[in-house]
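S.K.: Sequence first, then the predicted structure, then my questions.
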Amino acid sequence: MSESLLVVEGLVKRFPIRAGIFHRLVGEVKAIESVSFDIKSSEIFGLVGESGSGKSTVGKTLLRIYKPTKGTIQFKGRDVTKLTKETLRFFRQQAQMVFQDPKSSLNPRRSIKSTIEESLIVHKVAKNGGARKKIVADRLAMVELSPNYMYKYPSMLSGGQRQRVAIARALALDPSFIVLDEPTSALDVSVQAKVIRLLQRLQAERQMAYLFISHDLSLMRTIASRTAVMYLGRIYELATTEALFTNPLHPYTKTLISAVPVVSAEERQMKPKKQSHGGEIPSPINPPSGCAFHPRCSLAEQVCAQELPDLAEVLPGHFVRCHIAIDALSANTRKMHLVNSAKEARNKIKRR
Amino acid sequence: MMDQYMLEIRDLYVYFRVYEGISRVLDGVSLDVRKGEQVGLAGETGCGKTVTMKTVMGALKIPPAIIPKGEVILDGQNVLKMSAKQLLQMKGTKVSMIFQDPMNALNPVFAVGTQLFDVIRFSNRHTSNGGKLSKKEILNRAIAALDEVRLPDPKRILNSYPLELSGGMRQRVLIAMALVNEPSFLIADEPQTALDVTIGAQILDLLSELVRTKGISVLLITHNLGVIQETTERVNIMYAGQVVETAPTALLFENPKHPYSQGLLASVPRLTGGEIAEGIRGTVPDYTAVPSGCRFHPRCDHVMPICSQKKPSLLLVEPDHLVGCWLYAKEGGVK
């Protein structure tokens, strides 16, 4: 694939918790602990995790809806975190977002036309009303809605149609990158299928990159080319979607995949054994020491509670953050791994 | 034959009087749950799953609802003919429910214990042995119930408020509440949708284990076909107020016959990857102006002239597999 469109390095986002009459800082929600990844142009990059894992925060921070606490976001070679209100404009044209629930993300008092054309006005893209109307009709056609929908209001549309309008709004400025935050979780399966097909077609035609955020693993398998698994603000495994599902390495990934309710026998066969003895996702205010998954992990050893493993490239393009999984890989791959990243291997030998 | 079934719904019609006229929601629904069986009711939003469930629980408001025809027989008694008092008694002892969202199902201003004690006390008012339970006995039963759903430290949970518990724990509390009076029939309405995948899987495992060991019959209502496949023995697929197909779960998922079931299954994204189907064309009909005949015909790829004229009855296409579709009228026998 082509070069990176977006490079995220060491991204951190903490939300302060204030209390008392002086708004004293009493703690922090560590929504994103440290996240690094890159998205290539015209790639669908998936981000999965349970609620509270920080996946939506990543999406919002990438678009500067939230200001990152630390870290850099390079978009087309420019550091987005350093942009000011004025220079952010360029980025806001290029990067858009589609939210989970179209019922609340569309303004009920605005016609579809007014919703879609607002960004055209803000960014001064079309000079007059006629030109704007043409663009709005064009974007509606892209999402397979007829131009008459322009004069309707969100309450007159079905859930699937509303989400199409939200997609049309994101397409208004012809972006090269869209963050899709659970775009189909409020929809029924047969409607979801249509919206997913639409998103795939648009991506292929317009060569856009997507960050696709979802908790639905089966859906991720269908749509993403690479997938990262997040847990408590960190990426614990990152690989091509194919590799992640056929050869999951992290116990958390295995547990997630094993928990998906499936409909066919083939799917049941490919499910790995779960490697967790139950439990729930801990609070991001006070996360566990070491590997955050260790309290739920059935393979956990002493080292897991003490030291946070690195996100290591154990197979080409397959990254995992787990002491046990790294050790379990064959000596052969480990040798390859030694060559690949000598520094990390040295750390590991020291540990032993 | 009668007592073989826990629940029998026979040719049930439910309409609602609305501003636009009459909304014809349920159109001749028939389904049954045998004793000790776990049955699924699957369908998309607005297909009438909840109306069916409310009718069974006797919770429909009449009016605006009208029930022109049909029978709902729960353990030998017709629910539609019960008095309010009988209904209350039935709900306290024989039937329980688990709802979708555990936050809304629990009262946030009362401690879990208070709510659980109420449930125990309420249903014991109606038992044949009557009599009040001592406080100690109620407490013991409550603790046993929480133990059963594997909640650690039951005493602490009894004193905590719903908002102090996580989603998974709240759902466990609700399961404990539903099962504490040893009902013989349980209606579970999307018990896992509000939860994360791993927690949802834990809850479903626990629930299936408990109902199997206690021999409780279950009607599981959900739109998630994966959940149906993993937890039920038989499944009914519902579309726009009609049950279009019913069969043993494994059979139906392997070999769906009705065009709607086929379209629905093809739309489900798979763990094994691959393209998903284009979905089903068109949208769910408006209940005030439903299509004539088979309600699916405007969206069906195999539509024939007869489909818009006459509603198909459920036909037996193979042992235990009923389909309401004219495509199979020539091949199969009539039920």
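M.R.: Yep, that arrived. Numbers count the residues shown, from 1 in each chain, chains lettered A, B, ... in the order given.
S.K.: residues in contact with the residue nearest to B:Ser184 when sequence neighbours are not counted?
M.R.: Using CB to CB, 6 or more residues apart in numbering or on different chains and skipping the chain neighbours, the partner closest in space to B:Ser184 is B:Lys94 (5.7 Å). For glycine as for every other residue, the C-beta is placed from the backbone atoms N, C-alpha and C. When contacts are counted by CB atoms under 8 Å, 6 or more residues apart in numbering or on different chains, B:Lys94 touches B:Leu74, B:Asp75, B:Pro183, B:Ser184, B:Phe185.
S.K.: same deal with B:Pro191?
M.R.: Contacts of B:Pro191 (CB under 8 Å, 6+ apart): B:Ile98, B:Phe99, B:Gln100, B:Gln171, B:Ile175, B:Ile203, B:Leu204, B:Leu207, B:Leu220.
S.K.: just A:Glu301 next, same as before
M.R.: Shown in contact with A:Glu301 (CB under 8 Å, 6+ apart): A:His323, A:Ile324.
S.K.: Now do B:Asn107: how many residues are near it, please.
M.R.: Neighbour count of B:Asn107, defined by other CB atoms under 10 Å in any protein chain shown: 13.
S.K.: what about it, distance to B:Lys155?
M.R.: B:Asn107 sits 20 Å away from B:Lys155, going by CB to CB, to the nearest Å.
S.K.: ok so, going back, which among the contacts of B:Pro191 are in contact with chain A?
M.R.: Restricting the contacts of B:Pro191 to those within reach of chain A (CB under 8 Å from any CB of the partner chain) leaves B:Leu204.
S.K.: For the contacts of B:Pro191, pick the one with the most neighbours.
M.R.: The most crowded member of the contacts of B:Pro191, judged by other CB under 10 Å, is B:Gln171 (30 neighbours).
S.K.: Can you tell me the closest non-neighbouring residue to the residue in the stretch 251-352 of chain A that chain B sits nearest to?
M.R.: Residue nearest to chain B within the stretch 251-352 of chain A: A:Pro261 (2.9 Å; CB to the nearest CB). Among residues not flanking A:Pro261 along the chain, B:Gly226 sits closest, at 2.9 Å (CB to CB, 6+ apart).
S.K.: same deal with B:His321?
M.R.: B:Ala247 (4.0 Å).
S.K.: try A:Phe91
M.R.: Nearest residue to A:Phe91 in three dimensions, chain neighbours excluded: A:Val80, at 5.6 Å (CB to CB, 6+ apart).
S.K.: State the distance from whichever residue of the stretch 101-250 of chain B sits closest to chain A to A:Lys271.
M.R.: Of all residues in the stretch 101-250 of chain B, B:Gly226 sits closest to chain A, at 2.9 Å by CB to the nearest CB. Relative to A:Lys271, B:Gly226 is positioned 11 Å away (CB to CB).
S.K.: Which elements pack onto the one helix or strand A:Leu244 maps to?
M.R.: Here A:Leu244, judged by DSSP states H and E, is contained in helix A:241-246. Other elements packing on helix A:241-246 under the criterion 3 or more CB pairs under 8 Å, 6 or more residues apart in numbering or on different chains; DSSP states H and E are helix A:217-223, strand A:226-231.
S.K.: list the contacts for the residue of the stretch 251-352 of chain A closest to chain B?
M.R.: B:Gly200, B:Ala201, B:Leu204, B:Asn224, B:Gly226, B:Val227, B:Gln229, B:Glu230.
S.K.: And those, which is closest to A:Ala305?
M.R.: Set against A:Ala305, the nearest of the contacts of A:Pro261 by CB to CB is B:Ala201 (25.0 Å).
S.K.: residues near that closest one, how many?
M.R.: Neighbours around B:Ala201, by other CB under 10 Å: 22.
S.K.: Could you tell me which ranges of the chain sit under the pLDDT cut-off?
M.R.: Looking at chain A here, since you left the chain open. Residues of chain A that meet the criterion pLDDT under 70 lie in A:1-2, A:329-352.
S.K.: Wait, chain B was what I had in mind.
M.R.: Where chain B drops to pLDDT under 70, the residues are B:1-3, B:125-131, B:330-335.
S.K.: List phi and psi for the most centrally placed residue in it.
M.R.: In chain B, the residue lying closest to the centroid (CA atoms, centre = their mean) is B:Ile221, at 3.3 Å. Note on B:Ile221: its backbone torsions stand at phi -110, psi 120 [degrees, to the nearest 10].
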